[in-house]
Each structure stands twice: as structure tokens, then as C-alpha cells.
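In: coords below, sequence missing:
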DNA sequence: CGAACTTTTGATATCACTCAAGGGACGTGG
DNA sequence: CCACGTCCCTTGAGTGATATCAAAAGTTCG
């Protein structure tokens, strides 16, 4: 489940992998990125990294585990609005805002780096290739949010879950967090429900349907996709919105 | 709050008004903005400005009317993912991408400026106050998308419409498109349905309920909010996510 | 071993969709 | 000026999907 990290700066960190999916980096870029993400902090599951109403405390870089953005209604209902996976940087320009408008919370145990705003500014100014990757990454975050809106607004429950799984598979593959066993999915049905706009009971039933159709195997917090092609068709999944390897370099 | 701009260029354009809601601008900034948006092009209703799959053709600035981002499923179902209102700039960094992942289409007759990517780069480099406003504006677009996800995922149909109306009221107020008559809402029930994840029949019924409760008056394409306080309470509307006048200047 | 949490299953209720038909507004062409 | 078509809104009826409620079984952890 938890990936073994073979060497200090040897295997590329998820952050570097992700940026390289968008844009070629120089050795110097990679070294700089390895340096700023060298000492991640361990964070327990279900810990808030940032809370609605607070002033943002910096920019978070997820190195391991899974976190989410979410927001609550007064009656306690919750909506998860993004998953933050290894290699994801949250809120590049967040320092411009005075108060968070949503929460960021770990879902599983995580390793996280908090970058001070000055570091971010510095990277943006001095490392154009990295800056470009970070900007693209932000565009993809927005495209993902739009796809989630389509998912919840116009797809059936089974399709919503299927689509989510297709997306996670693609995103986790980029950062080398998928193997023959599939990938870690440390989420309860209630969390999947808060992601897809369903009730947790209905998530249970929809997952059963996906299992019965032979599309997925979800056991012990690991998801294996058994028939990717059929799952994609069912979900109406088109990978384009993730813009992988789609740098617009002339 | 809204500054009356008596200057030579006449009433401030919505674009300038919007940026000034985030950040003070110099006279020179304003002149530059007035210059680049001086000759908007008239676009008929229901015209595509950009289509999924195409290479982006530049950055659009809405000067008048209403447009939207949307995406379709294979079965024809549609989800509208954002409204573009006067003063809105779409896709600041879009030149980084090779293909659009959604469509941009006018809803009403519009006046639009298409800015070439070079102009945008130039503005970002030479006008820091404007650049800052544009970056904040992008953050707010993302926050709005998150709020829409919460809206569709966890609110009732009546709340979804109420929340949408509260949001439009705030955003249109910033750009001085609201008066005692309320504001123009040139949308069919089908379009409201595609926005809120409902069927058009159910939009009709939900609007009836809002009318019967004395909260809104929607006639002839104009929406007047009759009891803003009760509408906000019903919707669970918290304006914070729009980050108006919330520049983080130290 | 017990407590808390999660998943599963069944039963029921309700909300929102679909289908269908009628009426109004608008525009066009005879 | 009227006839007609089209589009949109409205309303009614019926159905189906998904929520809710409730309880049992499984899991994890101290």
C-alpha cells in the first residue's frame, strides 16, 4: 500500500514526476525541487491543514497519502471538492487571499511539505520551466473541478464512482502510485458519498454493482480496476481534461 | 464602495470595475485597460467562442451580456460549469494548453474582446497591480466552481436556484449591472436546469416556489430579488467565497 | 473483550424525473 | 392582418431512483 521510497533523491519524487508529465525539467530544476521538498512532515489522518475563515498559512505540497478540499453546510452535510494526491501542490497563488473559503484535510496519513510564500515566489521567478508546469497544473485542477461538476450534475451514481476511479487511476499512474495490485483508496463509503453527492448507503449499493459487473475489486483499502476499457466506457471517461503530456510548446 | 469614475473614458468598463473590487489601480493601469478593451465585437446569442478539442484561440473578455462554460455527455446531457459576466476574463493562462477541454458559448447577445496571448503576457509583466487582480480573479473563479459543486452536490433544488441568484446578484453588482429593476437573467429554464443539475420541469416548479414565498420576481428575463435576507438564509449563501474587496495587501 | 466505526442489507418514503398535453409569446410568410 | 410554426413555460399524472431509517454483521483498535 504505502510505497517504498528507494533512495533519498534517487527515484523522482511525486512532485517532480507530476511536473515532468507537463513539461521537461532541467537537472537544476529537479535538484531545486528535491531540495525544497526534502523534509516532509508526517500528518495524521483526518487532520486539518487549513480551515475555512483562516488566513492561509502557506502552500502545501503532498508527498504521500491523500488529502481533500471540502466544505460543509450548516446542517453538517459535506461536499468534497478535490482530492490532493502525491505530487499535488495546493493553492499556488493563495497568498493573495486573506481567508480560506474551504477546508483542506488529510484523508489518510500523509507526508506534507509546507512551503512559505517567498519560496513559491522565488521558484516562479527563477525557474520558468517549473513555473510553467505549476501554472499548467493549476489549469488542470480547474478542469478537474469542472469535470467533477459534470460528474455530479449529469451522471448516474454508478457512473460517478466509475469516473472518479478512472481519474484517480490516471493521476496516480503519473506519480507512480499504481502497481499490479491497483492503488490505495483509503476512503470510507461516507467519504465517497461526500465526493459524489450521494448517500453512503447508495455508495455501497453502487460499488456492489461495479463489483458484480466485474469492473473493479475494492478490498482492504486497495482498488484494482479489472476492466479499464469497460469502466471508461461506462463512466464516459475522456482523459483529455487532465492534459497529460500536452504541453503547448510550439 | 463602487467608485464613480468621472474620467475621460466615460463610465468605467466592467473589466476595470471588477479588477478594482480586488485591488486599487493607477490611472495608467486604467488607461491601458480601457485601451485594450476599446473595440469589443458583437456576438449573437448561442454562438460558440471556443469548442472542446480545439486549440485555444486567445483569451476572451466579456464586456456585455452573458456567456457560459459547458460540457456535454454523449447522450446530449449538458452541464454548465460557469457563467461569464461583464468584466470576466476567461482563461488567463489558457495559452499553455493545446486543446480546450470544454466549450465557451454565449447565452445572450454579447460584446466581447479577444485578447491575443502576447497582450496578456505583456499586461502580466508590465502592470503588477493588474496582474495581481487577474490572479485573484482566477482564484475566485476556482472558488466559485467549488461553491457550485457544493450547490449541486448537497443543496436542494430550491436552494440551488436561490444560491445561484444570490451569487449573480453579488457579481453583477460589482460591475454595476444591477439597478432597482434587479438584473437581466436571459436564461431559459432548460439553461438553469443545466446549471443546477435539475430537469427543466423541476426548475419551473422550484421557481414557482420561490415566487410564492415572495422571494423573487422573475419576469421578462429580469430577476428582482424581493427579500435578499431571506433568500440568502434559505440558500445558505455566504459571500466570502467571492473574496470581494479582500485584497491581502499587508 | 468491548467500544466505536464501517459495511451491508432490508423496508419504506419521497423527491425529482419522464412523459404528455395545453397555452402563451414571438416571428415569419402568405 | 391572420395563419402557422417554433420555442418556451406550465401543469398534471405516473414512475422510478435515491434518500432515509433501522438493524445486523463485520472490522479495528485499545
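Out: Okay, I see it. Everything numeric here is computed off the predicted structure, so don't read it as measured data.

In: is the helix or strand encompassing residue A:142 anywhere near DNA strand C?
Out: When elements are assigned from DSSP states H and E, residue A:142 belongs to helix A:128-154. No: between helix A:128-154 and DNA strand C, judged by Cβ under 7 Å from any atom of the strand, nothing touches; the nearest distance is 9.4 Å. For glycine as for every other residue, the C-beta is placed from the backbone atoms N, C-alpha and C.

In: quick one: buried residues of that helix?
Out: Buried residues in helix A:128-154, counted by 16 or more other Cβ atoms under 10 Å in any protein chain shown: A:129-154.

In: does any bit of that helix sit next to DNA strand D?
Out: No: counting by Cβ under 7 Å from any atom of the strand, DNA strand D has no neighbours in helix A:128-154; the shortest distance is 10.1 Å.

In: is that helix anywhere near chain B?
Out: Yes: contact between helix A:128-154 and chain B, assessed by Cβ under 8 Å from any Cβ of the partner chain, occurs at A:132, A:135-136, A:138-139, A:141-143, A:145-150, A:152-154.

In: Check which residues of the helix or strand harbouring residue A:166 are buried.
Out: Per DSSP H and E: residue A:166 is located in helix A:157-174. Of all the residues in helix A:157-174, those buried under the rule 16+ other Cβ under 10 Å are A:157-172, A:174.

In: before we move on, the earlier item: tell me what angle the helix holding residue A:142 forms with helix A:157-174.
Out: Counting by axes from the mean of the first three to the mean of the last three Cα atoms, to 10 degrees, helix A:128-154 points 170 degrees away from the direction of helix A:157-174.

In: and the closest residue to DNA strand D within chain A, what helix or strand is that in?
Out: At 3.0 Å from DNA strand D, residue A:202 is the closest residue in chain A, using Cβ to the nearest atom of the strand. Assigned by DSSP H and E, residue A:202 falls within helix A:200-212.

In: For that helix, could you pull out the residues that count as buried?
Out: Buried-residue list, helix A:200-212, by 16+ other Cβ under 10 Å: A:202-203, A:206-207, A:210.

In: Would you mind marking which of those are also close to DNA strand C?
Out: Taking Cβ under 7 Å from any atom of the strand as the test, DNA strand C is in contact with residue A:207 out of these.

In: What count of nearby residues applies to the spatially closest residue to residue A:82 that is not a sequence neighbour?
Out: Closest residue to residue A:82 apart from its sequence neighbours, by Cβ to Cβ, 6 or more residues apart in numbering or on different chains: residue A:69 at 4.3 Å. Residue A:69 has 24 neighbouring residues, counting by other Cβ atoms under 10 Å in any protein chain shown.

In: got it, and residue A:57?
Out: Applying other Cβ under 10 Å, we find 15 residues neighbouring residue A:57.

In: Repeat that for residue A:233.
Out: Counted by other Cβ under 10 Å, the residues lying close to residue A:233 total 12.

In: same deal with residue A:181?
Out: 12.

In: isn't it right next to residue A:222, touching?
Out: Yes: using Cβ atoms under 8 Å, residue A:181 is in contact with residue A:222, at 5.8 Å.

In: that older thread, any chance of the buried residues of helix A:200-212 in a markdown table, with distance to residue A:218 too?
Out: Conversion of these to a markdown table gives the following (distance: Cβ to Cβ, whole Å):
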| residue | distance to residue A:218 |
| --- | --- |
| A:202 | 15 |
| A:203 | 11 |
| A:206 | 11 |
| A:207 | 6 |
| A:210 | 8 |
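
In: Of the buried residues of helix A:200-212, which is the nearest to DNA strand C?
Out: residue A:207 (5.7 Å).

In: I'd guess residue A:71 is in a strand, am I close?
Out: Yes: Residue A:71: assigned to a strand according to DSSP: H, G, I helix; E, B strand; the rest coil.

In: Please name the nearest non-neighbouring residue to it.
Out: Nearest non-adjacent residue to residue A:71, counting by Cβ to Cβ, 6+ apart: residue A:102, 4.6 Å away.

In: Tally up the residues packed near the one you found, please.
Out: Using other Cβ under 10 Å, residue A:102 has 24 neighbouring residues.

In: Quick check: which helices or strands does the helix holding residue A:166 pack against?
Out: Packing contacts for helix A:157-174, counted by 3 or more Cβ pairs under 8 Å, 6 or more residues apart in numbering or on different chains; DSSP states H and E, involve helix A:14-22, helix A:128-154, strand A:183-184, helix A:189-196, helix A:200-212, strand A:222-225, helix A:228-235.

In: ok, the residue nearest to residue A:176 when sequence neighbours are not counted - contacts?
Out: Using Cβ to Cβ, 6+ apart and skipping the chain neighbours, the partner closest in space to residue A:176 is residue A:17 (6.1 Å). Taking Cβ atoms under 8 Å, 6 or more residues apart in numbering or on different chains, we find residue A:17 in contact with A:87, A:174-176.

In: try it again with 10 Å
Out: For residue A:17, the contacting residues are A:11, A:86-87, A:173-177, by Cβ atoms under 10 Å, 6 or more residues apart in numbering or on different chains.

In: Near DNA strand D, which residues of chain A are found?
Out: A:156-157, A:197-199, A:201-202, A:220.

In: Show me which of the residues you listed has the smallest pLDDT value.
Out: Among the residues of chain A next to DNA strand D, residue A:220 carries the lowest pLDDT, at 92.

In: burial of that residue, as a residue count?
Out: Neighbour number of residue A:220 under other Cβ under 10 Å is 8.

In: Distance of it relative to residue A:182?
Out: 11 Å (Cβ to Cβ, to the nearest Å).

In: Likewise for residue A:108?
Out: Counting by Cβ to Cβ, the gap between residue A:108 and residue A:182 amounts to 15 Å.

In: Over to residue A:215?
Out: Counting by Cβ to Cβ, the gap from residue A:215 to residue A:182 is 12 Å.

In: Please apply the same query to residue A:40.
Out: Per Cβ to Cβ, residue A:40 is found 24 Å from residue A:182.

In: again with residue A:38
Out: Distance, residue A:38 to residue A:182, by Cβ to Cβ: 30 Å.

In: Which one's more surrounded, those two?
Out: With neighbours defined as other Cβ under 10 Å, residue A:38 and residue A:182 compare such that residue A:182 has more, 19 against 11.

In: Number of residues surrounding the closest residue to that one other than its chain neighbours?
Out: Excluding its sequence neighbours, the residue lying closest to residue A:182 (Cβ to Cβ, 6+ apart) is residue A:224, at 3.3 Å. By other Cβ under 10 Å, the residues close to residue A:224 number 16.

In: So what sits opposite residue A:224 in the bridge?
Out: residue A:217 (DSSP bridges).

In: Spell out which parts of chain A neighbour DNA strand C.
Out: Proximity of chain A to DNA strand C is confined to A:188-190, A:200-201, A:204-205, A:207-208 under the rule Cβ under 7 Å from any atom of the strand.
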